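Novice: Provided below for reference: sequence and predicted model.
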Amino acid sequence: MKITEITIRHLQMKLKAPFTTSFGTFTTKEFLLLEAKDEAGTVGWGESVAFNAPWYNEETLQTNWHMLEDFLIPLILNKELNHPDEVNEIFAPIRKNNMAKSTLEGAVWDIYAQQTNQSLAKALGGTKDKIEVGISIGIQESIEALVALVDGYVKEGYKRIKVKIKPGWDVDVMRTLRENFPNVAIMADANSAYSLEDIDLLKQLDAFDLTMIEQPLASDDIIDHAQLQKELKTPICLDESIHSLEDARKAVELGSTKIINIKIGRVGGLTEAKKIHDYCEANGIPVWCGGMLESGVGRSHNVALTTLSNFILPGDTAGSSRYWENDIIVPEVVATDGYIDVPQTTGIGYEVDREAVEAYTIAKKDYK
Ligand SMILES: O=C(O)CCC(=O)c1ccccc1C(=O)O
Ligand SMILES: [Mg+2]
């Protein structure tokens, strides 16, 4: 397999409803979509999950474009590749910039799956033909509004409800949810809004039988999380702090995390995501697939990854219609009773709707 042509597009899609986390509110989603073609004409797709501002991590879609254009694409274009795992090795000398790396690596995986006549899920070693999904709900105007939203999603069948928390929107919110939904799997995601000084507040969350608390402390920390986990009954799940297999190993050895949220972009691609998955499986650490408000392309990669056996907990990969009026893939990703059927056709298993892509594109550049 040899990639001979690449196109980067900058897309802008309006979210159906604003999504608020402890670090900011999204009303539209801007992202890069990467199309790669090999010498046989096979087309593969990758999505950058970097946002337009460095809130979640230090990358932005503009830094991703720079890294892809000036460093990553030149390393891959016209190079003979036998397997997508080689991309992970080729990119290794370039530090960090994981979301940029993952954008191109994902497209290579899609092409590889098609060239070997299998679904991306099978190419990754996945075993499930349907996956269990949960949903992530942003910070709302009022607790009543949140309860009404959760009620709707529970009735739709989502297998786990995650809510965003921040100082001032935490203990009362979680108590009210537990009172209203005694039998639902509920968790909280703080996106690094707390420090060890908040330990008494965080301990109050232990009363609500939460499945886990995600990334309560600093985005680059694994030391304080270990301290916090000693004092908490609720399992800690790391998101922002884990960028590689090495990070995962250190966090697990220190006792900083009992569960890991794997995001393909954050860890630099599907190969590294698989490595973290395999390490966690061998060490009794359940994983689940996080989300970054992806379009259908990124979503399809998340669906494929979630078919690996140690994705035991429901992920954040909700159906397309939870985010978009019109997604850029056909069919859209559909969640029914909290399950998504994994497509069996080759590659990502969904057709990219080129008309929709063009309609959302605000910039574009070709590389040969
Ligand atoms: O529905 C999704 O895609 C997941 C939403 C979500 O929780 C999230 C959205 C944007 C940035 C960070 C996060 C997160 O998991 O921390
Ligand atoms: Mg998170």
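Specialist: Right, received. Where do you want to start? Ligands and ions are numbered 1, 2, ... in the order given.

Novice: who in the stretch 51-200 of the chain is up against ligand 1?
Specialist: Contact residues, the stretch 51-200 of the chain versus ligand 1 (CB under 6 Å from any ligand atom): Y56, S136, D189, N191. All C-beta spots, glycine's among them, are computed from the backbone N, C-alpha and C.

Novice: now these in JSON lines, with pLDDT and distance to ligand 2?
Specialist: Converted to JSON lines, these look like this (pLDDT from 0 to 100; distance: CB to the ion, whole Å):
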{"residue": "Y56", "pLDDT": "96", "distance to ligand 2": "8"}
{"residue": "S136", "pLDDT": "98", "distance to ligand 2": "8"}
{"residue": "D189", "pLDDT": "98", "distance to ligand 2": "4"}
{"residue": "N191", "pLDDT": "97", "distance to ligand 2": "6"}
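
Novice: farthest pair in the residues you listed?
Specialist: Using CB to CB, these span at most 13.0 Å, a distance reached by Y56 and S136.

Novice: What's the nearest residue in the stretch 201-350 of the chain when you look at ligand 2?
Specialist: Here the residue of the stretch 201-350 of the chain nearest ligand 2 is D239; by CB to the ion that distance is 3.6 Å.

Novice: Please look at that residue and D189 and confirm they touch.
Specialist: Yes - look at D239 against D189 with CB atoms under 8 Å: they come within range, at 7.2 Å.

Novice: more crowded one of these two?
Specialist: Using other CB atoms under 10 Å as the criterion, D239 and D189 rank with D189 on top: 26 against 21.

Novice: List the residues that contact that one.
Specialist: By CB atoms under 8 Å, 6 or more residues apart in numbering, the contact set of D189 is T21, S136, K162, V163, K164, I165, I213, E214, Q215, D239.

Novice: SS state for the second one?
Specialist: Which is S136. With DSSP: H, G, I helix; E, B strand; the rest coil as the basis, S136 sits in strand.

Novice: does it have beta-bridge partners, and which?
Specialist: On the basis of DSSP bridges, S136 is bridged to K162.

Novice: now the longest helix seen in the chain: mean pLDDT?
Specialist: In the chain, assigned by DSSP state H, the helix with the most residues is helix 98-115. The predicted model assigns helix 98-115 a mean pLDDT of 98.

Novice: Spell out which residues of this protein are next to ligand 2.
Specialist: Applying CB under 5 Å from the ion, we find that the chain lies next to ligand 2 at D189, E214, D239.

Novice: Adding secondary structure, write those residues out as CSV.
Specialist: Formatted as CSV, those follow (three-state DSSP):
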residue, secondary structure
D189, strand
E214, strand
D239, coil
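
Novice: Domains in this protein, by residue range?
Specialist: Split into domains by automatic domain parsing, the chain comes to 3-117+352-367, 122-349.

Novice: Just give the closest residue to I165, not the sequence neighbours.
Specialist: Spatial nearest neighbour of I165, chain neighbours left out: A188 (4.6 Å); criterion: CB to CB, 6 or more residues apart in numbering.

Novice: where does the one you found fall, helix, sheet strand or coil?
Specialist: strand.

Novice: still on that earlier bit, and which of the residues of the stretch 51-200 of the chain next to ligand 1 is nearest D366?
Specialist: Of those, the one sitting nearest to D366 (CB to CB) turns out to be Y56, at 28.9 Å.

Novice: Dump the C-alpha coordinates for the helix or strand encompassing H66 into PDB.
Specialist: According to DSSP states H and E, H66 maps onto helix 61-67. Output of helix 61-67 as PDB, limited to C-alpha atoms (Å, rounded to 0.1, in the frame of the first residue of the first chain):
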ATOM      1  CA  LEU A  61      -7.100  22.100  14.200                       C
ATOM      2  CA  GLN A  62      -4.600  24.800  12.900                       C
ATOM      3  CA  THR A  63      -1.700  23.200  14.700                       C
ATOM      4  CA  ASN A  64      -2.900  19.800  13.300                       C
ATOM      5  CA  TRP A  65      -2.900  21.300   9.800                       C
ATOM      6  CA  HIS A  66       0.700  22.600  10.300                       C
ATOM      7  CA  MET A  67       1.900  19.300  11.600                       C
END
